[in-house]
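> Next come a sequence and a model predicted from it.
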4 protein chains.
Amino acid sequence: MAESHIGIWLIGAKGGVATTTIMGLCALKKGLIGTAGLVSSLPQFQHLQMPDWNQFVVAGHDIRSVPLAEEAGRLVTESHTVRPEMIDQCREELARIDRRIRPGTLQKVGPTITELADAQIPGDRSPRHCVDRLRGDLAEFAEAENLDHVVVVNVASTEPAVEMDLIAPRWAELQPLLDRPNECPLPASSLYAIAALQSGNSYVNFTPSLGSAPPAIDELARLNGTRHVGCDGKTGETLLKSVLAPMFARRNLQVMSWVGHNIFGNLDGKVLDDPVNKQTKLQSKDRLLHEILDSRPQTHVSIEYIESLGDWKTAWDHVHFRGFLGVPMALQFTWQGCDSVLAAPLVLDLVRFTEAARRRGQTGLLNFLASFFKSPLGVSEHRFDRQFRMLENWAADKR
Amino acid sequence: MAESHIGIWLIGAKGGVATTTIMGLCALKKGLIGTAGLVSSLPQFQHLQMPDWNQFVVAGHDIRSVPLAEEAGRLVTESHTVRPEMIDQCREELARIDRRIRPGTLQKVGPTITELADAQIPGDRSPRHCVDRLRGDLAEFAEAENLDHVVVVNVASTEPAVEMDLIAPRWAELQPLLDRPNECPLPASSLYAIAALQSGNSYVNFTPSLGSAPPAIDELARLNGTRHVGCDGKTGETLLKSVLAPMFARRNLQVMSWVGHNIFGNLDGKVLDDPVNKQTKLQSKDRLLHEILDSRPQTHVSIEYIESLGDWKTAWDHVHFRGFLGVPMALQFTWQGCDSVLAAPLVLDLVRFTEAARRRGQTGLLNFLASFFKSPLGVSEHRFDRQFRMLENWAADKR
Amino acid sequence: MAESHIGIWLIGAKGGVATTTIMGLCALKKGLIGTAGLVSSLPQFQHLQMPDWNQFVVAGHDIRSVPLAEEAGRLVTESHTVRPEMIDQCREELARIDRRIRPGTLQKVGPTITELADAQIPGDRSPRHCVDRLRGDLAEFAEAENLDHVVVVNVASTEPAVEMDLIAPRWAELQPLLDRPNECPLPASSLYAIAALQSGNSYVNFTPSLGSAPPAIDELARLNGTRHVGCDGKTGETLLKSVLAPMFARRNLQVMSWVGHNIFGNLDGKVLDDPVNKQTKLQSKDRLLHEILDSRPQTHVSIEYIESLGDWKTAWDHVHFRGFLGVPMALQFTWQGCDSVLAAPLVLDLVRFTEAARRRGQTGLLNFLASFFKSPLGVSEHRFDRQFRMLENWAADKR
Amino acid sequence: MAESHIGIWLIGAKGGVATTTIMGLCALKKGLIGTAGLVSSLPQFQHLQMPDWNQFVVAGHDIRSVPLAEEAGRLVTESHTVRPEMIDQCREELARIDRRIRPGTLQKVGPTITELADAQIPGDRSPRHCVDRLRGDLAEFAEAENLDHVVVVNVASTEPAVEMDLIAPRWAELQPLLDRPNECPLPASSLYAIAALQSGNSYVNFTPSLGSAPPAIDELARLNGTRHVGCDGKTGETLLKSVLAPMFARRNLQVMSWVGHNIFGNLDGKVLDDPVNKQTKLQSKDRLLHEILDSRPQTHVSIEYIESLGDWKTAWDHVHFRGFLGVPMALQFTWQGCDSVLAAPLVLDLVRFTEAARRRGQTGLLNFLASFFKSPLGVSEHRFDRQFRMLENWAADKR
């Protein structure tokens, strides 16, 4: 295995999550940090055939032209999540990765994301041309770095919601639309997914954007003998919901209302300040309560862009529930976490577990990874402990 | 099954938990309330052979002389947990139960509890005489009410801690000490346990007091073909710890410190204001974090008696943890619940599950009930989801 | 003074605030409760010529037909703010007041409030006819009860915002519009104000609705030798803002953002769930921060209708501020209060202080009452301590 | 004024507060930071004759030998309160100050503080010899730096409480005890105060230690025509208490209980972990509630040393109060601030205001500075707004 290398291709390679992932991976390679936050480093997963940190090579797509080192610098000065000396230690690696970043696509990403773009984005004549261009970028990367495989991870900003029912359910029906710009309903996230899967690589959707969710794209993955998973990384408030809601259910405490307010001020927050993009996210954060709780609670979730908080998200949740004798009681929590720091290790975990699945010959939807997602594709189980058990069982399974 | 009746014998029958249990059971019999808060009413347990609410008859021991109806009245006027009209609807039942309450014992309960006593407590010459008297009370109850079985539940105030290592591990060695008042290390809770088990009844310890924890008393249960379980009902802050701590572990988020402050003002709180009694409780609330978390967190738990809060406990917990890149983050929660209202349904659940175990012929320690306890006897698993799975597996087991 | 009686005329007489005010006044008359929550009962105001509780007679307008006793009953069963026996003790008084309640007006109250109406509301041909009808109700009340004076207090639901600039600034210009239904911009709250002031009575606007805010109506008060004050009772979260914001300013701690989320489920909440009505309220809750703080913070306020909470409002505020060396720090608070219980004593205080001002011969705007309001008319001082000093100074002023 | 220089002599010159004060002053001199957190920089104080930042020269006493630059480095790497480049920019200044720090005294500071000492502390034969040595240090500093005046500020760790009543009330009686080591009740903080005042300098006690509190030492200040003030800087939780408690009083909301839990992990916290030292602090934090509130609330304050938090203190306060109709309600707040960053600007403010008072010829106790202290000497007013008004009035006073 010593010679094998695995590519990590980040969509949104200059965003906060990507930059933190890149800095963290670099620090892991150099032994500058421990394994805190990395699920794949837990004892119960050590027997799996997962690549070492040194076997990973990073590249990606982005729509902004800002140098990666500058974004990394903000992790030091604004979020205080990276120690200043680490920037120096990783400067060369950052420069190498920066040179590998290619312009992405703005297909149906909505005006708020489009406004952020300042890289030279080629004007693709059709979705098909776009997919071909993205595939070319992946192929070039794999060849240049002599890679066995590439895992494409979408960590770009949230796109406006797309009506799933309007998308043809079979790949044979969907794919011709790639040639018809006006009829093709697919946003950027799905074009990246198609590019990844058609070239035999794996696709992970860490955002609530459409990505590989359409059944036709799942079919594409299976047709090509590759794999995908998503969507929307479960990092903070929703993780807590999926941990706490089962407690209420198991104790027969009837949740009457569950209110969650989220405030933060990073680039994602700015994009989510556009109600069109926010809607996609809110659905993903709220739905699971209704799946877990039988008590039909009134739920409310808000996300507000509060600039001063930067990447530090604060969530306040208020749970109002009825116990024995019908007595109302309350649980409140506040969660203060750095969004990128919570997300980045999960990106690395997903890449490693996806690669381990590839080595086992697993194709199609990787639903054993449900515990990582707010809206796990193809999995109706939202209780975190049960989802985590799925991961442990998969890992324990000798194949 | 129609004719069979089951006794519930409450140690501390006039306390807040007992009074709420009694009011709740009465309301269930009359159909005045729903099943919120009752674990045994969840769908997955409906196939079990558990008695109906109407099959239960309540009695108990106490050391105070206050009428039960007066205590129940305080649930209306002070805690606002019981609707005023319910007192009228249950008045006769309360009077009947009140007549069945017998004086308990003050053996090694410590000065703070002793001060609360105002009932006429007989002066037992030795622990043996005390046990015999308590057994007589149980036998009389069973005969008068024509009971198949009695489940004795300790819901009395917390006793000072007893050094377990000093207690002889075999029943044959321990039982002679019952005749030697000066040498016998057993507190009231254990004498009640012995009385219950020797008379073939079941014993449930809902408090952190010693109860049936000594191996010698476990042996007694097995020798007599009966059963016991404990200890310390997991109702609020500790329940949350056992739900949240596994999340940190599973996400490899390294908890550095976990501080929990509890404030409340009921009678239990008054007893816990005595540092000797408090110590027993604090250990029970704190230990599980070290069992669940590998990160060796600094932990701190406090319990303070704040009179104005009455039975409404407020807990504030602050969890400081380290994520990816070593970044420190925090979770805080406040839990506002009524202690007795959280505890009472679990008392009824434990009685029903214990009786279901009896009908299956199960003896000894009922460790499938671990999810109900802060310090489950004989079970090292403290993660709530795993404990709950033990209960579900037991229930699903066809015997 | 023994024979003199003062009327309290409540607009929205069957709402939560009014019902709590009525129950509280009745309980004060009978000595059933203490003076907690009543500012006018503080030692520094005892020398003022204020009427005794027994000198007040209550009546009012409403648009709903529900019996007052039923609304009072909900204070017992839903909010737990009134003890059950108090309903019996006040039943006759409630019935007397209920008979004095007259149908109000739905003039420009918006569809959400209009939907709540089920009383028989007369169809007034013009605003003038409406005002005349309302004046008739007041006159009848004053005569029937032999009153020296009536203080009209608006505690009705919040109306949609009205553009102040469009309203003629002089009474001479405004009053002819009362005859032209299509041109008259005045909502119900202002018609009640005009009716009160034209009949020589006092007007207090406890809501953020327009009321007596237009300069033309202030002029009317002065022309008629009477008085008015408003608007929007400062009861909870905003009170805290006006107490805490000056601390940040005085310590030169630079507030970067202040987020406030309010959740509750009473009738007011339902009306505020209509964005048109909510806007009026949000402005009133938010503005003062910008008045008190020089640091130009980003502010955000939300109000969400969460049914299960009923009249118990929970507010969570997050204040993000910068201290020495530019270091960011945070204050969070949660406020859990019963809205009507916080408002009702202030209604009684405002009536008493307004009557005391009348006895001193004071006319026009009573700006010494600024501490009671979120948006005090004619007062730019929003710091609670300074506003309270205005009240104390006024009281200390010997006239 | 251009040539005049003022000394700042810090007791505990290498502690967190001192180091932050030094870094901040250096940054102010170089224009690297703004004036956030500095009360003396508010507009209403700009007309006062206060020295410019450049006119201050810093030195001090300490009992530890760690280099100042190392302590400053921890502000970068542990508290993240100072930007890394600022260390470089201030390195020379830090070295200069370090060379001016002299060994302090361990007189009656208790074993916990004594254990921290590793500097070469001279063995003074008597308190008198100690005072003389400390005076010598001050004199040498004043001469070397050509200073007009020195303000001595105690920012050392909290000493065990001293029984004030045992201390002779007149200087003539107290001063002979300085020659009798076994009888002299004065701890280090008071010896520093005497040294400062005897040499004609000013003394500010920022800690709850005894300092200049004894009337005899106040007399000494007046005899020597100099001035002093204290004690215990009001930076966080107690500041909030003094801001919020008056609100409850003014609204006649009757506080039933006020619980405050403080957790933090700096050196001060370590010292306060010794119950003897903690007692001094707790009294200072708790007393004011009873001064401000008439409702005789039950109060509880805790301080716990939680290592992982470092200098970042989190306080949780729970206020339980009764409003109209006797209804109980609650306010909770959490305060997350960096202790040294909150304290340091107040140290600079106190120095500047003290110097301004000197220029006005003011001697004795400077009680116009009460708003800065938890336990203001000679001032019974604890309401922050009234205390701040004292400061503003003093400033407005033309002399």
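Looks like it came in fine. Numbers count the residues shown, from 1 in each chain, chains lettered A, B, ... in the order given.

> Quick test: name the residue nearest the centre of chain A.
Residue closest to the mean C-alpha point of chain A, counted by Cα atoms, centre = their mean, is residue A:206 at 1.1 Å.

> After the helix or strand of chain A with the lowest mean pLDDT, which helix or strand is next?
Sorted by mean pLDDT, DSSP states H and E, the helices and strands of chain A end with helix A:267-272, the least confident at a mean of 78. Downstream of helix A:267-272, the next assigned helix or strand under DSSP states H and E is helix A:275-292.

> Tell me which residues of that following helix come out buried.
Buried positions in helix A:275-292, judged by neighbour count with 16 or more other Cβ atoms under 10 Å in any protein chain shown: A:277, A:278, A:280, A:281, A:282, A:284, A:285, A:286, A:287, A:288, A:289, A:292. Bear in mind the C-beta positions are built from the backbone N, C-alpha and C, glycine included.

> how about whatever residue of the stretch 1-150 of chain A ends up closest to chain B, secondary structure?
Closest contact between the stretch 1-150 of chain A and chain B, by Cβ to the nearest Cβ, is at residue A:37 (3.4 Å). Secondary structure state of residue A:37, per DSSP: H, G, I helix; E, B strand; the rest coil, is coil.

> That one: what's it in contact with?
A:341, A:342, A:344, A:345, B:251, B:252, B:253, B:323, B:324, B:325 (Cβ atoms under 8 Å, 6 or more residues apart in numbering or on different chains).

> Kindly report the same for residue A:217.
By Cβ under 8 Å, 6+ apart, the contact set of residue A:217 is A:171, A:174, A:190, A:193, A:194, A:197, A:211, A:228.

> can you give me phi and psi for it?
Here is the backbone geometry of residue A:217 (degrees, to the nearest 10): phi -80, psi -40.

> ok, now residue A:61?
Dihedral angles (degrees, to the nearest 10) for residue A:61: phi -110, psi 150.

> same check, this time on residue A:317
The phi/psi pair for residue A:317 (degrees, to the nearest 10) is phi -120, psi 140.

> For it, give the beta-bridge partners.
residue A:260, residue A:333 (DSSP bridges).

> thought it was touching residue A:301?
No - with contacts counted by Cβ atoms under 8 Å, residue A:317 stays clear of residue A:301, the gap being 9.2 Å.

> intersection of neighbour lists for those two?
A:259, A:260, A:261.

> OK, contacts around the second one?
So that's residue A:260. With Cβ under 8 Å, 6+ apart, residue A:260 has these contacts: A:237, A:241, A:285, A:286, A:299, A:300, A:301, A:302, A:315, A:316, A:317.

> Residue A:284 too?
So residue A:284 contacts A:208, A:231, A:232, A:238, A:374, A:375 (Cβ under 8 Å, 6+ apart).

> from those, which two are the most distant?
A:231 and A:238 (12.3 Å; Cβ to Cβ).

> what's the strand or helix carrying residue A:136 packed up against?
When elements are assigned from DSSP H and E, residue A:136 belongs to helix A:127-145. Packing contacts for helix A:127-145, counted by 3 or more Cβ pairs under 8 Å, 6 or more residues apart in numbering or on different chains; DSSP states H and E, involve strand A:6-11, strand A:56-62, strand A:149-154, helix A:188-198.

> buried set for that helix?
Under the neighbour-count criterion of 16+ other Cβ under 10 Å, helix A:127-145 has A:127, A:128, A:130, A:131, A:133, A:134, A:135, A:137, A:138, A:141, A:142 buried.

> what is the mean pLDDT for it?
Summarised as a single mean, pLDDT over helix A:127-145 is 97.

> Off-centre distance for that helix?
21 Å (Cα atoms, centre = their mean, to the nearest Å).

> Now it - C-alpha only, PDB.
Output of helix A:127-145 as PDB, limited to C-alpha atoms (Å, rounded to 0.1, in the frame of the first residue of the first chain):
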ATOM      1  CA  PRO A 127     -24.200  21.300 -18.800                       C
ATOM      2  CA  ARG A 128     -22.500  18.500 -20.800                       C
ATOM      3  CA  HIS A 129     -19.600  20.700 -21.700                       C
ATOM      4  CA  CYS A 130     -19.300  21.700 -18.100                       C
ATOM      5  CA  VAL A 131     -19.300  18.100 -16.800                       C
ATOM      6  CA  ASP A 132     -16.700  17.300 -19.400                       C
ATOM      7  CA  ARG A 133     -14.500  20.200 -18.300                       C
ATOM      8  CA  LEU A 134     -14.800  19.100 -14.600                       C
ATOM      9  CA  ARG A 135     -14.000  15.500 -15.600                       C
ATOM     10  CA  GLY A 136     -10.900  16.800 -17.400                       C
ATOM     11  CA  ASP A 137      -9.700  18.600 -14.200                       C
ATOM     12  CA  LEU A 138     -10.100  15.400 -12.200                       C
ATOM     13  CA  ALA A 139      -8.300  13.200 -14.900                       C
ATOM     14  CA  GLU A 140      -5.400  15.700 -15.100                       C
ATOM     15  CA  PHE A 141      -5.100  15.700 -11.300                       C
ATOM     16  CA  ALA A 142      -5.200  11.800 -11.100                       C
ATOM     17  CA  GLU A 143      -2.500  11.500 -13.800                       C
ATOM     18  CA  ALA A 144      -0.200  14.300 -12.500                       C
ATOM     19  CA  GLU A 145      -0.300  12.900  -9.000                       C
END
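
> outside of it, which residues touch it?
A:5, A:7, A:9, A:57, A:59, A:61, A:100, A:102, A:104-105, A:107, A:122, A:124, A:147, A:150, A:152, A:177-179, A:181, A:184, A:186, A:191-192, A:194-196, A:198-199, A:201.

> out of the helices and strands packed on helix A:127-145, nearest to chain C?
strand A:56-62 (27.9 Å).

> Direction included, what does the closest one pair up with?
For strand A:56-62, pairing defined by DSSP bridges yields strand A:6-11 (parallel), strand A:101-103 (parallel).

> So which of those is the most surrounded?
strand A:6-11 (a mean of 28; mean count of other Cβ atoms under 10 Å in any protein chain shown).

> In CSV, list the C-alpha atoms belonging to that one.
Backbone C-alpha positions of strand A:6-11 (Å, rounded to 0.1, in the frame of the first residue of the first chain) are rendered in CSV as follows:
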residue,chain,number,x,y,z
ILE,A,6,-5.5,8.9,-2.9
GLY,A,7,-6.8,12.2,-4.1
ILE,A,8,-9.2,14.5,-2.2
TRP,A,9,-10.9,16.8,-4.5
LEU,A,10,-12.7,19.6,-2.6
ILE,A,11,-15.6,21.5,-4.3
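
> could you point out which element follows it?
helix A:16-29.

> what's the closest of the contacts of residue A:284 to chain D?
The closest of these, once distances to chain D are taken by Cβ to the nearest Cβ, is residue A:238, at 22.5 Å.

> so that closest one, which of the three states?
helix.

> Which residue comes closest to residue A:250 once chain neighbours are left out?
Of all residues not flanking residue A:250 in the chain, residue B:388 sits nearest, at 5.1 Å (Cβ to Cβ, 6 or more residues apart in numbering or on different chains).

> That neighbour reaches residue B:371, doesn't it?
Yes - if you go by Cβ under 8 Å, residue B:388 and residue B:371 touch, sitting 4.7 Å apart.

> These two: which has the busier surroundings?
residue B:371 (27 against 22; other Cβ atoms under 10 Å in any protein chain shown).

> Contact partners for that one?
Contacts of residue B:371 by Cβ under 8 Å, 6+ apart are A:250, B:234, B:384, B:387, B:388, B:390, B:391.

> burial of the nearest residue to it once chain neighbours are set aside, as a residue count?
Spatial nearest neighbour of residue B:371, excluding adjacent residues (Cβ to Cβ, 6+ apart): residue B:387 at 3.6 Å. Number of residues near residue B:387 (other Cβ under 10 Å) recorded here: 23.

> For chain B, state which of the buried residues of helix A:275-292 is nearest.
Distances from chain B to the buried residues of helix A:275-292, taken by Cβ to the nearest Cβ, are shortest for residue A:292, at 12.5 Å.

> Which helix or which strand is home to the closest residue to that closest one other than its chain neighbours?
The spatially closest residue to residue A:292, leaving aside those adjacent along the chain, is residue A:245, at 4.1 Å (Cβ to Cβ, 6+ apart). Following DSSP H and E, one finds residue A:245 within helix A:237-250.
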